[in-house]
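J.: Next input, structure requested:
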Amino acid sequence: MAWTRHVRYVLLACLLVLAYQYLTSIYAPAGSHTIDYLPESSSSDPSKSSLPSQSQQHQCEHSDTTYELANATFVMLVRNSDLEGTISSIRALEDRFNSRFGYPYVLLNNEPFTEEFKRRVSVLVRSKIEFGLIPKEHWSQPDWIDEENAAKARKQMIATNVKYGGSVSYRNMCRFNSGFFYRHELLQKYKWYWRVEPNVKFYCDIHLDPFRYMEENNKIYGFTITVYEISATIRTLWSIVTEFVERYPEYIATDNAMGFISDDHGKTYNRCHFWSNFEIANMDFWRGEAYTAFFEHLDSKGGFYYERWGDAPVHSIAAALFLKRDQIHFFDEIGYQHDDWGHCPIPDEIWEKGRCSCSQKGSFDYDLSSCKPRWDRFVNS
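T.: Next comes the predicted model:
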């Protein structure tokens, strides 16, 4: 009798194992198989999320292998009032990508973060989050700016309905993103960053590690949306860029991307720029000699305040001039939405592999306001 009960228990155990394997094979999510750069599972041990030093990459432990993370971080410039939008963006990014990798976050604010902000954001992820205060000198109109002229420019832009035309804070932000964010003490240990804004959406599963892809393929700057800048905000920018190019021709890369930002070999600027609310890039480029000289030249002219130069055209022009064209990368597979504009992968195989929730018909790529058609013609020329 005991032997019969034993056989029954063994058979029942086998049936339970078989049932479990059958159910997991049916309900496993699409794309859950292991592919390049995709960890099979995430460690729950907080010690596995230690920050990297400048000389050593940290590791993501999973199953029976070790995945080497790049020396990289997400960077978010946010205010305390952006709490809900920050939570929304981080959750979307974790769900579509980072929960499988565990890259750290650096959040920056021009005012001290509240304890409520830090508490609610810190519980969202298993990786490290650091909260930093921006130095006042990096987020203020310089004393040498003629405030009377700057005020006149703001008043004129308000009269002509230029977006953020009357905002000093917006100008501080653009100047900070152009020339200071990568100097912040919390970012000194990192080489790569992925800029994330509050209230953005990520529509597709991101299987490949963008940081590792950039590093292993000699890419420096990555984007997903490209648009035209507002003419009224950059009236003198190109003439000052031309002045810099003539003074420092040694910084201009061979086989650069001038053909994307100018239709007449550099005589004029066609206003195309990479929308920098999303960018994945190497901070060593911004920290380098060419860009440092470039930013200092632009900053000395006061255009961040006398006009309303954005960090997007500043970054884009620098990338187009100082990098080789093949060092700039379009991340087609990253479905992304910011405000009213979004990128959704058009090729069906990319859209299906990413299990994208966006409508391909609604992608901004070929809108009349998009510079993506110009990019396509440029890279295929």
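J.: Going along the chain, name the helices of the stretch 251-381 of the chain.
T.: In the stretch 251-381 of the chain, the helices defined using DSSP state H, counting those that start in this stretch lie at 258-261, 283-287, 289-301, 303-306, 311-322, 348-353, 372-379.
J.: Please work out the average pLDDT along the third one.
T.: Over the span of helix 289-301, the pLDDT mean works out to 98.
J.: Likewise for stretch 87-94?
T.: Mean predicted confidence for stretch 87-94 is 98.
J.: just how off-centre is that stretch within its chain?
T.: Centroid displacement of stretch 87-94 relative to its chain, using Cα atoms, centre = their mean, to the nearest Å, is 13 Å.
J.: what's the pLDDT at S381?
T.: With respect to pLDDT, S381 scores 89.
J.: Report the contact partners of the closest residue to it other than its chain neighbours.
T.: Sequence neighbours aside, G259 is the residue nearest to S381 in space, at 6.9 Å (criterion: Cβ to Cβ, 6 or more residues apart in numbering). C-betas here are computed from N, CA, C, even on glycine. Contacts of G259 were listed using Cβ atoms under 8 Å, 6 or more residues apart in numbering, and they are R325, F378, S381.
J.: Which element, helix or strand, includes Y193?
T.: Element membership for Y193 (DSSP states H and E) is strand 192-195.
J.: The next helix or strand after that strand pairs with which strands?
T.: Counting by DSSP H and E, the next helix or strand C-terminal to strand 192-195 is strand 201-202. Strands flanking strand 201-202 in the sheet, each with its direction: strand 336-338 (antiparallel) (DSSP bridges).
J.: List the contacts of the strand it pairs with.
T.: When contacts are taken as Cβ under 8 Å, 6+ apart, the neighbours of strand 336-338 outside the stretch itself are 197, 199-203, 224-225, 275, 277-278, 342-343, 358.
J.: Try it again at 6 Å.
T.: Counting contacts by Cβ atoms under 6 Å, 6 or more residues apart in numbering, the residues outside strand 336-338 that touch it are V200, K201, T224, N277, F278, H343.
J.: Was I right to think the third one contacts P345?
T.: No - T224 lies out of contact with P345 (Cβ atoms under 6 Å); the separation is 9.8 Å.
J.: what's the closest of the helices of the stretch 251-381 of the chain to I234?
T.: helix 311-322 (5.9 Å; Cβ to Cβ).
J.: any idea of the angle that closest one forms with helix 372-379?
T.: Computed with axes from the mean of the first three to the mean of the last three Cα atoms, to 10 degrees, the direction of helix 311-322 lies at 10 degrees from that of helix 372-379.
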